[in-house]
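Undergrad: Sharing a sequence plus its predicted fold:
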Amino acid sequence: MNWRAFDLNLLVVFDGLFREGSVTRAGKRLGMSQPALSHALNRLRYLLKDQLFIRTPGGMVPTPRAEQLARPLRHALAQMEQALEPETFVAAQTNRRFSIAINNYAAIVMAAPLVGAVSAAAPLAQLDLRPSGTLDVFDRLDRGELDIGIGTFDTVGERFAHATLLEDRFVVVMRRGHPAGRGKLSAEALGALPHLEISSSGDDTGFIDRSLLARGARRQIAARLPYLATGVVLGQSNMVATLSRRVAEAMIRGAESALQLRELPFTSPVVRTSMLWHRRLDDSPAHRWLRELMLVVCREL
């Protein structure tokens with residue numbers, strides 16, 4: 001291929017189409033009209049001798065050749081973006097887009113203060129917070145599609161760096177006026193209560209069953225619900241839920257005092273929420289600024 005005759009902007013178009021799966025959405029992302037983007041795609045098809053993307057009712061589906069090209073091209077574009085980034089980063093002037101995958105805990109506890117802090121320090125920046133439960137975070141970090149992943153990570157490869165943002169423990173949440181809300185909550189009393197399990201939390205609450213079993217009690221799961229329904233159901237029933245303390249506090253604030261928090265009758269494990277990023281971004285001024293801002297935000301929580 002004659003690289004002198006190859007328009008490298010076409011690679012940006014390819015990357016946008018691969019990410020969005022739609023000519024319209026890719027055009028919005030890249031600031032291009034639909035005809036201009038379609039023309040660029042046709043040029044790419046001619047140069048690479050492949051259809052690359054097939055139009056279907058569900059969007060533009062990549063061909064095997066496009067799948068093969070996507071990761072190395074995204075990696076190359078990420079390296080180019082980093083190389084061309086100014087040595088000094090001015091937050092107040094940047095219009096950079098930061099993409100962060102967050103788990104449910106971070107969405108409830110961190111999202112609002114983080115958005116506020118970024119908006120105050122970098123009003124022109126774009127913050128793209130994505131639910132990590134629907135993503136392969138490691139793969140997206142490898143491809144440069146994510147700047148940071150936030151969650152609980154057991155093991156990470158050497159290519160990733162990480163830093164602890166928050167540590168938390170579990171507590172019990174129940175409605176205000178609950179019969180078990182008076183006096184000390186024993187293991188036997190906790191085991192006898194109907195429990196609501198959060199289906200979308202991702203938290204490992206198996207320690208509750210082990211702790212209760214060691215004391216001759218057993219947890220009874222009465223219902224499994226996503227976070228959004230939890231506060232309402234707890235406020236209108238005698239069910240209880242075991243949640244991370246900061247999530248519980250946020251839920252209680254949102255329920256306008258209809259809920260209360262109780263301590264567990266046994267020791268709770270520590271839940272560590274960390275941020276994860278690819279080491280190639282260690283020295284990126286913009287990325288370093290974002291990491292430091294997130295640490296400041298979490299220290300104030």
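TA: Thanks, I have the structure now.

Undergrad: use CA for all of it now, contacts and neighbours both
TA: OK.

Undergrad: okay, which residue is most central for the protein?
TA: residue 102 (1.6 Å; Cα atoms, centre = their mean).

Undergrad: residues contacting that one?
TA: 129, 130, 131, 132, 149, 150, 151 (Cα atoms under 8 Å, 6 or more residues apart in numbering).

Undergrad: Recalculate using a threshold of 6 Å.
TA: Taking Cα atoms under 6 Å, 6 or more residues apart in numbering as the contact definition, residue 102 lies against 131, 132, 150.

Undergrad: By neighbours, which of these wins?
TA: Using other Cα atoms under 10 Å as the neighbour criterion, residue 150 leads the contacts of residue 102 with 26 neighbours.

Undergrad: Can you name the residues bridging to residue 273?
TA: Beta-bridge partners for residue 273, by DSSP bridges, are residue 166.

Undergrad: Count the residues that sit near it.
TA: When counting by other Cα under 10 Å, one arrives at 19 neighbours for residue 273.

Undergrad: Was I right to think it contacts residue 166?
TA: Yes - between residue 273 and residue 166 there is a contact under Cα atoms under 6 Å: 5.2 Å.

Undergrad: Can you give me the buried ones in the helix or strand containing residue 71?
TA: Counting by DSSP states H and E, the element that carries residue 71 is helix 64-84. Neighbour-count burial for helix 64-84 flags 66, 69, 70, 71, 73, 74, 75, 77, 78, 82 (criterion: 16 or more other Cα atoms under 10 Å).

Undergrad: From the contact counts, what lies against that helix?
TA: On a contact count with 3 or more Cα pairs under 6 Å, 6 or more residues apart in numbering; DSSP states H and E, helix 64-84 meets helix 137-143.

Undergrad: For the helix it packs on, name the packing helices and strands.
TA: So helix 137-143, by 3+ Cα pairs under 6 Å, 6+ apart, packs with helix 64-84.

Undergrad: and the helix it packs on, what's its mean pLDDT?
TA: With pLDDT averaged residue by residue, helix 64-84 scores 83.

Undergrad: hang on, the earlier thing: downstream of the helix holding residue 71, the next helix or strand is which one?
TA: Taking DSSP H and E, what comes next after helix 64-84 is strand 97-102.

Undergrad: What average pLDDT does that next one get?
TA: The average pLDDT within strand 97-102 is 94.

Undergrad: So what are the sheet partners of that strand and their directions?
TA: Strand 97-102 is paired, per DSSP bridges, with strand 126-131 (parallel), strand 148-151 (parallel).

Undergrad: gap between the last one and the chain center?
TA: For strand 148-151, the separation from the chain centroid amounts to 6 Å (computed by Cα atoms, centre = their mean, to the nearest Å).

Undergrad: Export it to CSV, keeping only CA atoms.
TA: What follows is strand 148-151, C-alpha atoms only, in CSV (Å, rounded to 0.1, in the frame of the first residue of the first chain):
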residue,chain,number,x,y,z
ILE,A,148,-10.2,4.1,33.4
GLY,A,149,-12.2,1.2,34.9
ILE,A,150,-13.6,1.5,38.4
GLY,A,151,-14.7,-1.5,40.4
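
Undergrad: Show residues contacting that strand.
TA: Under Cα under 6 Å, 6+ apart, the answer for strand 148-151 is 100, 101, 102, 103, 273, 274, 275, 276, 277.

Undergrad: got a list of what the fourth one touches?
TA: Listed by Cα under 6 Å, 6+ apart, the contact set of residue 103 reads 131, 132, 151.

Undergrad: Redo the residues you listed as CSV? Include distance to residue 202.
TA: Output for the contacts of residue 103, formatted as CSV (distance: Cα to Cα, whole Å):
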residue, distance to residue 202
131, 12
132, 11
151, 10
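
Undergrad: ok, the residue nearest to the centre of the chain to residue 235 distance?
TA: Distance check for residue 102 against residue 235: by Cα to Cα, to the nearest Å, it reads 27 Å.

Undergrad: how about the contacts of strand 148-151, which pair is most distant?
TA: Across these, the longest distance by Cα to Cα is 14.9 Å; it joins 103 and 277.

Undergrad: if I look at residue 266, how far off is residue 209?
TA: 11 Å.

Undergrad: again, but for residue 229
TA: The gap separating residue 229 from residue 209 is 23 Å, by Cα to Cα.

Undergrad: Let me see the mean pLDDT of stretch 273-281.
TA: Stretch 273-281 comes out at a mean pLDDT of 93.

Undergrad: who touches residue 232 in this structure?
TA: Residue 232 touches nothing, counting by Cα under 6 Å, 6+ apart.

Undergrad: and it, what helix or strand is that in?
TA: helix 227-235.

Undergrad: Let's see that helix as CSV, backbone CA atoms only.
TA: In CSV, the C-alpha atoms belonging to helix 227-235 read as follows (Å, rounded to 0.1, in the frame of the first residue of the first chain):
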residue,chain,number,x,y,z
TYR,A,227,-30.8,-1.4,42.9
LEU,A,228,-33.5,0.9,41.5
ALA,A,229,-36.3,-1.0,43.2
THR,A,230,-34.6,-1.8,46.5
GLY,A,231,-35.3,1.4,48.5
VAL,A,232,-39.0,1.3,47.7
VAL,A,233,-39.5,-2.3,48.5
LEU,A,234,-37.5,-2.0,51.8
GLY,A,235,-39.6,1.0,52.8
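
Undergrad: Alright, that wraps it up for me.
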